[in-house]
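Asks: Fold the following for me, if possible:
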Amino acid sequence: MTKVALTELVASIGRFRCWRAIAAVALSLAACRSDAIVSVAIGESNRTIMVTLGQELDITLGTVGPGEYASPPTISSPALRFLDVSYVGPIVPAGPRQLFRFKTVERGTAIVVFQHTGMGQAVADTVIVR
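Replies: Model prediction:
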């Protein structure tokens, strides 16, 4: 192998490593995008949810029997802003499913309390905005 060919080979390997590093950084940034939506499905109540500043947070709650979760929910901190609530499917005879949407607006911790209008029970989720 000539000296020129060897020099070109070393330069191309260096460019390849540089592009690999750039691609890895780009993929990492794409995975951590702040505009991604964090969805929390029906499950246990009183959860702790971690989100990033600027993300949308969707929390789905379901009921059994009469009533629904009151809107807007109580939010303990300005770290989270309530956007809206809507009914979502699938429709089941037990009761409505509601989708509550929030936007993270500053770092901190917020406790979101959803009060049920029929049974008087409450769900309290802790949201940590990083």
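Asks: buried stuff in the longest strand seen in the chain?
Replies: Ranked by residue count, the top strand of the chain under DSSP state E comes out as strand 80-92. Under the neighbour-count criterion of 16 or more other CB atoms under 10 Å, strand 80-92 has L80, V85 buried. In short, each C-beta sits where N, CA and C put it, glycine included.
Asks: And the contacts of it?
Replies: 56-57, 60, 62, 69, 71-73, 75, 96-105, 110, 112, 127, 129 (CB atoms under 8 Å, 6 or more residues apart in numbering).
Asks: check contacts around T104.
Replies: Contacts for T104 (CB under 8 Å, 6+ apart) come out as V51, T52, L53, G54, Q55, E56, L57, A79, L80, R81, V127, V129.
Asks: Need the pLDDT of the residue nearest the centre of the chain.
Replies: The centroid of the chain falls nearest to V38 when counting by CA atoms, centre = their mean (1.9 Å). If you check V38, the pLDDT there is 90.
Asks: follow-up on the earlier one: can you select the buried ones among the contacts of strand 80-92 for me in PyMOL?
Replies: Those of the contacts of strand 80-92 that count as buried under 16+ other CB under 10 Å are selected in PyMOL with:
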select buried, resi 56+57+62+69+73+75+97+98+100+101+102+104+110+112+127+129
